[in-house]
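Q: for reference, the sequence and a predicted model appear below.
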Amino acid sequence: MMYNQITFMGGYMEITWYGLSCFRLVERNKATIVTDPYDHREVGYDLLKLKSDVVTVSHDAPGHAFVDAVKGSPHIINGPGEYEIGGVFITGINTNGSKKATGESENTLYLLDFGEVTVAHLGDLKRVPSQAQIEALGQVDIALVPVGGGIGLNAAKAAEIINLLEPGIVIPMHYQTPGVTLDLLPLSRFLKEMGLGEVRAKESLVIKHNEIPEETRVEILELRNSG
């Protein structure tokens, strides 16, 4: 598999995508974070071999909560709350309500504040938040957004949330790719919803924190094989 990364020079952040909702975020002198590690036996990808200081889990499912794939005795964050670890401020927000009240599985959205750059990992968000809820999130520089349906957002709802959130950069996640065995929609559905044609996935994107675009830009990441 190929890979892509976003690197912030100066602050130096690197974001690498491993498929589904799994990313690794690295910035010099800050805690390394892995989001939603999956059980390869359940989703069809290769075995994850990652190391980090922190693991965030959006919800308890094999495609999002296989923390044993991450080495290094990381701090495990698997629910709402406020945390500060290794210079990164992490806010977990419950987006779907309780399973008993809504009938939906719970989901935690994470805001990852590295100081100069804030990343929002939406997890398996299922419905469009209210304007008030969006405003409560504050400024989001990079949004990691599920777009492939399943139990998460479909393309149309993902586009609606992006229009409300107005991040500088959107990285779609949790969509159909070669090898994955989950029933997900292809990336092309989301690109069409955003009014985009085919977008070339880049091996790397280098950007400084003060170069986050004012108008939302979609960046496609290629898969990285961590094995």
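A: Yep, that arrived.
Q: so residue 144 sits in a helix?
A: No: Residue 144 sits outside any helix when classified using DSSP: H, G, I helix; E, B strand; the rest coil, being strand.
Q: so how far is residue 60 from it?
A: To residue 60, residue 144 is 19 Å away according to CB to CB, to the nearest Å. Placement of C-beta: from N, CA and C, glycine included.
Q: likewise residue 36?
A: 11 Å.
Q: and what of residue 71?
A: 21 Å.
Q: cool, residue 54 as well?
A: Taken as CB to CB, the span from residue 54 to residue 60 is 18 Å.
Q: give me the more crowded residue out of the two.
A: Set side by side, residue 54 and residue 60 show more neighbours around residue 54, with 24 against 11, by other CB atoms under 10 Å.
Q: and the closest residue to residue 43 other than its chain neighbours, how many neighbours does it have?
A: Nearest residue to residue 43, sequence neighbours excluded (CB to CB, 6 or more residues apart in numbering): residue 63, at 5.1 Å. Using other CB under 10 Å, residue 63 has 27 other residues around it.
Q: show me the contacts for the closest residue to residue 53 other than its chain neighbours.
A: In this structure, residue 53 finds its nearest non-sequential neighbour in residue 31, 4.0 Å apart by CB to CB, 6+ apart. Taking CB atoms under 8 Å, 6 or more residues apart in numbering as the criterion, residue 31 is in contact with 52, 53, 54, 85, 86, 87, 88.
Q: and the longest helix out of those in the chain, what other elements does it pack with?
A: Taking DSSP state H as the criterion, the chain has its longest helix at helix 155-165. Applying 3 or more CB pairs under 8 Å, 6 or more residues apart in numbering; DSSP states H and E, one finds that helix 155-165 contacts helix 131-137, strand 142-146, helix 187-193.
Q: in JSON lines: those, plus mean neighbour count, distance to residue 25 and mean pLDDT.
A: Shown next, in JSON lines, are those (neighbours: other CB atoms under 10 Å; distance: least, CB to CB, whole Å; pLDDT from 0 to 100):
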{"stretch": "helix 131-137", "mean neighbour count": "12", "distance to residue 25": "18", "mean pLDDT": "85"}
{"stretch": "strand 142-146", "mean neighbour count": "26", "distance to residue 25": "9", "mean pLDDT": "95"}
{"stretch": "helix 187-193", "mean neighbour count": "19", "distance to residue 25": "21", "mean pLDDT": "95"}
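Q: do you know which of these lies nearest residue 118?
A: Nearest of those to residue 118, taken as CB to CB: strand 142-146 at 7.5 Å.
Q: please compute how far that closest one lies from its chain's middle.
A: Relative to its parent chain, strand 142-146 has a centroid offset of 5 Å by CA atoms, centre = their mean, to the nearest Å.
Q: ok, now stretch 138-145?
A: Distance, centroid of stretch 138-145 to centroid of chain: 10 Å (CA atoms, centre = their mean).
Q: just the CA coordinates for it, please, in CSV.
A: Extracted as CSV, the C-alpha positions of stretch 138-145 are listed here (Å, rounded to 0.1, in the frame of the first residue of the first chain):
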residue,chain,number,x,y,z
GLY,A,138,-14.7,26.3,18.0
GLN,A,139,-12.2,26.6,15.2
VAL,A,140,-11.3,23.3,13.5
ASP,A,141,-8.3,23.4,11.2
ILE,A,142,-8.4,19.8,10.0
ALA,A,143,-11.5,17.6,10.0
LEU,A,144,-11.2,13.8,9.7
VAL,A,145,-14.7,12.9,8.4
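Q: need the contact partners of that stretch.
A: Taking CB under 8 Å, 6+ apart as the rule, stretch 138-145 contacts 6, 15, 21, 23, 35, 111, 117-122, 153, 158, 161-162, 165-173, 209, 212.
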